[in-house]
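Chemist: what follows is a predicted protein model with its sequence.
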Amino acid sequence: MSMQESLSVELRAAMKARDTDRIGAIRILIGEFARQPGKILTDEQVIAIIKKLIKSERELLAAQKQEDSPFLAIMEGYLPKQVSEEEIYAWVKENIDFSAFGNKMQAMKPIMQHFGSAADGNTVKKVLQQFA
């Protein structure tokens with residue numbers, strides 16, 4: 001079952017449980033899905049939409065000088081488990097030859113391709129800055 005289909009199932013379950021926070025969050029997600037050109041989205045596209053909504057919510061919370069919201073917690077729950085800085089560092093150390101790149105930040109592309117949605121771009125950037 002794709003993430004898009006499982007979210008529809010979760011919406012029904014949240015409605016039965018009367019979980020208003022989860023209902024609202026899933027409805028926002030489904031509304032974003034409807035705005036996309038294709039009706040059927042891949043899991044990667046769904047994750048990209050979730051990340052966009054999380055970024056938007058964090059910016060809104062920062063403007064309001066708040067730390068967390070139920071919406072943010074629910075959205076982060078739908079993301080795949082993120083790899084740690086240590087895991088990224090170990091993989092980069094073994095697999096990336098920095099002499100092949102003009103500067104170390106150009107190595108982000110193969111790193112992001114390897115980890116996919118399990119790695120946050122800001123975390124990868126932070127790890128790359130640790131290399132001399």
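Modeler: Good, I have the coordinates.
Chemist: now do the buried residues in the helix or strand of the chain with the lowest mean pLDDT.
Modeler: Comparing helices and strands within the chain by mean pLDDT, DSSP states H and E singles out helix 121-128 as the least confident, with a mean of 87. Neighbour-count burial for helix 121-128, with 16 or more other C-beta atoms under 10 Å as criterion, is recorded at Thr123, Val124, Val127, Leu128. Bear in mind the C-beta positions are built from the backbone N, C-alpha and C, glycine included.
Chemist: pop the domain breakdown of this structure in here.
Modeler: For the chain, automatic domain parsing gives the domain ranges 3-78, 85-128.
Chemist: could you tell me the least trusted of these?
Modeler: For the domains of the chain, mean pLDDT drops lowest on domain 85-128, to a mean of 87.
Chemist: for this protein, which residue is closest to the average position?
Modeler: Nearest to the mean C-alpha position of the chain, by C-alpha atoms, centre = their mean, lies Lys51 at 3.9 Å.
Chemist: contact partners for it?
Modeler: By C-beta atoms under 8 Å, 6 or more residues apart in numbering, Lys51 lies in contact with Leu79, Ser117.
Chemist: name the element it belongs to?
Modeler: Taking DSSP states H and E as the criterion, Lys51 maps to helix 43-63.
Chemist: what's the next secondary structure element after that helix?
Modeler: For helix 43-63, the following helix or strand on the C-terminal side (DSSP H and E) is helix 70-78.
Chemist: that next one - contacts with which helices or strands?
Modeler: Counting contacts by 3 or more C-beta pairs under 8 Å, 6 or more residues apart in numbering; DSSP states H and E, helix 70-78 is packed against helix 20-34, helix 43-63.
Chemist: okay if I get those as TSV plus distance to Ile74?
Modeler: As requested, the helices and strands packed on helix 70-78 are arranged in TSV below (distance: least, C-beta to C-beta, whole Å):
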stretch	distance to Ile74
helix 20-34	4
helix 43-63	10
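Chemist: and these: which comes nearest Phe98?
Modeler: Among the helices and strands packed on helix 70-78, the nearest to Phe98 by C-beta to C-beta is helix 43-63 (27.3 Å).
Chemist: in the closest one, what's buried?
Modeler: For helix 43-63, a neighbour-count test (16+ other C-beta under 10 Å) marks Gln45, Val46, Ile47, Ile49, Ile50, Lys51, Leu53, Ile54, Glu57 as buried.
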